[in-house]
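> Just a sequence and a predicted model for now, questions to come.
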Amino acid sequence: MKRAAAIFLFVLILMSSVTVAGAADYSSYDFRTTANGIVKWKKNAEGTGNCLFTDKFTQNIANSSGGEWYACYMGRLGFEDNPQGFLDSITTYVVKKYNESGTLSDTYATDYHKIALAVISAGGNPYNVGGVNLIADGVYNRKRTASLGKQGINGWTWGLITLDSLNTKIPDGSSYNREEIIIEILKYQIKDGGFSVVPMATKSDIDITAMTLCALAPYQYDNKSYTYVPKYGRKNRTVTKTVGQIIDESLAFLSDAQQQDGGYESFGTVNSESVSQVIITLCSLGIDPQSDKRFVKNRSLLDSLMSYKQSDGGFAHKPGGGSDAMASEQALGAVAALERFYGGGARLFDFTDGIRMTTFVPKTDNEQPTIPVPSNPHKTSSSNSSSSSSVNSAQNHGGSTTAALSSSSNSANSSQSASSIGGTTGGSVKANEKESAKATKSNDASGNSSSNSILEQKNSSESTSSQEMITQSSDNDGPAINSTAFVLLGIILIAAFVGYYLYRKKKGLIKQKPEDDFFNMLKKDREEFEKQSDEELNSDSEDSENENASGNEMLDSSANDDNGLTTEE
């Protein structure tokens, strides 16, 4: 019994140490300050000032594109910068490419997708960028120049993400519809449940699997079954699955592939980009990356990602490395997804909420700079899950476009997109450039106005709680202790220990001498104490009786003596 008690105490101490050293708890304030640090690092790396998209930086965009993902994620965070500078430069680049070859790329459909997402996030119009409808040419009519799948699974997944970013309605007679794109994506799933850029691969890739699930996220609750022939295995082998089944199988793969420190390895290299992609995907699926037991090992995904954070604000590609451009931009996407998840916002690539990049306004000398902080920084996963579910269920995947920008652009550019889809000539682009630019600037202005009103309303409700959130923000130097989990685990462990002991005792597996049993010892001591008390009580009673008898004899003797004296007298 003493040995069992010692083991029990040791387990309790061990459990408490594991709880203390477990996953840290991060708030939305941590995500915002991390995002600010990444953007500041990028500005310093590019040699810009208050804005990243200055003439110096956007000149490179006009010549060879670039910076699209920073524009995309900064817009999703509602950052102030120079969105018009980015839009002007990217328009110049698109027109230049169409003048040269009539397309952005014959091979890489993702060139269309990343530019379209960045244009939306900067408040622009993806249906008319210098006379080019990026979503038509890059997604549902891509087949008129090259297959959407020429690039492999990336062309299909990012095409679907771009299509759903504004819930774009696909016109009749287009090269692809949503169902065809989804089926093509599902065909790439391999035996271990995940996805790979190589159809015949035997092991899935973390990044590709995460990006694929991100594309399928809006369809996770659909009950529709899809029948298709996978690209791996036996020829003509037909499979029928729902998107939800595919997602569950892929999540199981991602959970099994996660390392004990919370991170991931891709193509033999432990890296931060894979962690960022999985975080974006889990947030898109409404899964809390800080608490879901499938993705919390010795540490959480967030612990792993934050371990790559550098003192200059950037993020490293590998452990022990310095700040890296790609690692930092993908980390920016991850913290943007986290902020939106815990703030109850829409998915990272769901742009129907109207959150866009706004124009930077210099502060006056008397005006103190403020760090924008989203509302409700400690939102629970349960309330967020219901919010995420309502957002997902509210989206009509094949229905009409809900964004005003999308509907107005479709009607304004229906004839123009038809002429540009089949390989627009340089002359037609130049002829329409001025008129298109006017329409674009008009849409940009309305988009920026809408974004500003949303942000002003948001900031007004947040200003009263900003200081409180700063005070309550957790210190990332050390992980927080989850006291509730510790108490629950302690109760469970105690109950299990007692139950196991009683079971062994009932089965006669515990054979102990009575004097070795603690409770029997107590019982025996009590019985001996009671017996001794009874003996002492009896002894006291006998002594009292003897004293009484002796007293009576003395009285009798005295009386006799008195009687003798009287007689003699």
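Perfect, thanks for sending it.

> tell me the domain boundaries of this protein?
Here the domain parsing of the chain from automatic domain parsing is 1-22+482-511, 23-481, 518-568.

> which stretch in these has the least confidence?
Among the domains of the chain, domain 518-568 carries the lowest mean pLDDT, at a mean of 58.

> Pull the number of nearby residues for residue 25.
17 (other CB atoms under 10 Å). In short, each C-beta sits where N, CA and C put it, glycine included.

> Doesn't it belong to a strand?
No - going by DSSP: H, G, I helix; E, B strand; the rest coil, the assignment for residue 25 is coil, not a strand.

> In this structure it contacts residue 290, no?
Yes - between residue 25 and residue 290 there is a contact at 6.9 Å, judged by CB atoms under 8 Å.

> How about the backbone phi and psi for residue 497?
With angles defined as degrees, to the nearest 10, residue 497 sits at phi -60, psi -50.

> What are the buried residues along stretch 237-244?
Across stretch 237-244, burial judged by 16 or more other CB atoms under 10 Å covers 241, 242, 243.

> Then stretch 170-188?
So stretch 170-188, judged by 16+ other CB under 10 Å, has buried residues 170, 174-176, 178, 180-182, 184-188.

> Stretch 494-509 too?
Those would be residue 497, for stretch 494-509 by 16+ other CB under 10 Å.

> give me phi/psi at residue 119?
Residue torsions, per degrees, to the nearest 10, at residue 119 are phi -60, psi -40.

> How about the contacts made by it?
87, 90, 125, 126, 129, 134 (CB atoms under 8 Å, 6 or more residues apart in numbering).

> got those residues as a markdown table, with secondary structure and neighbour count columns?
Formatted as a markdown table, the contacts of residue 119 follow (DSSP: H, G, I helix; E, B strand; the rest coil; neighbours: other CB atoms under 10 Å):
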| residue | secondary structure | neighbour count |
| --- | --- | --- |
| 87 | helix | 26 |
| 90 | helix | 27 |
| 125 | coil | 26 |
| 126 | coil | 27 |
| 129 | strand | 24 |
| 134 | helix | 28 |
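
> if I pick residue 159, what's in contact with it?
109, 113, 138, 139, 142, 148, 176, 181.

> The residue nearest to residue 360 when sequence neighbours are not counted and residue 361, how far apart?
What sits nearest to residue 360 in space, not counting adjacent residues and going by CB to CB, 6 or more residues apart in numbering, is residue 80, at 4.2 Å. From residue 80 across to residue 361, the span is 7 Å (CB to CB, to the nearest Å).

> Please identify which of these two sits among more neighbours.
Legend: neighbour count by other CB under 10 Å for residue 80 and residue 361, higher for residue 80 (15 against 9).

> in the sheet, who's paired with the more buried one?
For residue 80, the beta-bridge partners are residue 358 (DSSP bridges).

> who touches it in this structure?
Neighbours of residue 80 in contact, by CB under 8 Å, 6+ apart: 357, 358, 359, 360, 361.

> If you tally nearby residues, what's the number for the closest residue to residue 324 other than its chain neighbours?
Spatial nearest neighbour of residue 324, chain neighbours left out: residue 317 (4.2 Å); criterion: CB to CB, 6+ apart. A count of nearby residues for residue 317, using other CB under 10 Å, gives 19.

> just the one 4 residues further on next, same as before
Burial of residue 321, expressed as a neighbour count using other CB under 10 Å, amounts to 14.

> Also residue 41?
Neighbourhood size, residue 41 [other CB under 10 Å]: 20.

> That one and residue 362: what is the separation?
Going from residue 41 to residue 362 by CB to CB gives 21 Å.

> Okay, and the beta partners of residue 264?
Here residue 264 sits in beta bridges with residue 271, going by DSSP bridges.

> now, among the buried residues of stretch 170-188, which is nearest to residue 35?
For the buried residues of stretch 170-188, the minimum distance to residue 35 (CB to CB) is 29.8 Å, reached by residue 185.

> Figure out the helix or strand that the closest one lives in.
According to DSSP states H and E, residue 185 maps onto helix 178-186.

> List the contacts of that helix.
With CB under 8 Å, 6+ apart, helix 178-186 has contacts from 139, 148-149, 153, 156-157, 159-160, 163, 170, 212, 215-216, 219, 226, 228, 230, 241, 243, 246, 397-398.

> Just the buried subset of these, written out for PyMOL, thanks.
In PyMOL syntax, the buried subset of the contacts of helix 178-186 is picked out as below (16+ other CB under 10 Å):
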select buried, resi 139+148+149+153+156+157+159+160+163+170+212+215+216+219+226+228+230+241+243+246
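
> on that earlier part again, would you reformat the buried residues of stretch 237-244 as TSV and include secondary structure and distance to residue 308?
As requested, the buried residues of stretch 237-244 are arranged in TSV below (DSSP: H, G, I helix; E, B strand; the rest coil; distance: CB to CB, whole Å):
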residue	secondary structure	distance to residue 308
241	strand	35
242	strand	36
243	helix	32
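
> For the residues you listed, could you give me JSON lines that also reports distance to residue 322?
Converted to JSON lines, the buried residues of stretch 237-244 look like this (distance: CB to CB, whole Å):
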{"residue": "241", "distance to residue 322": "43"}
{"residue": "242", "distance to residue 322": "44"}
{"residue": "243", "distance to residue 322": "40"}
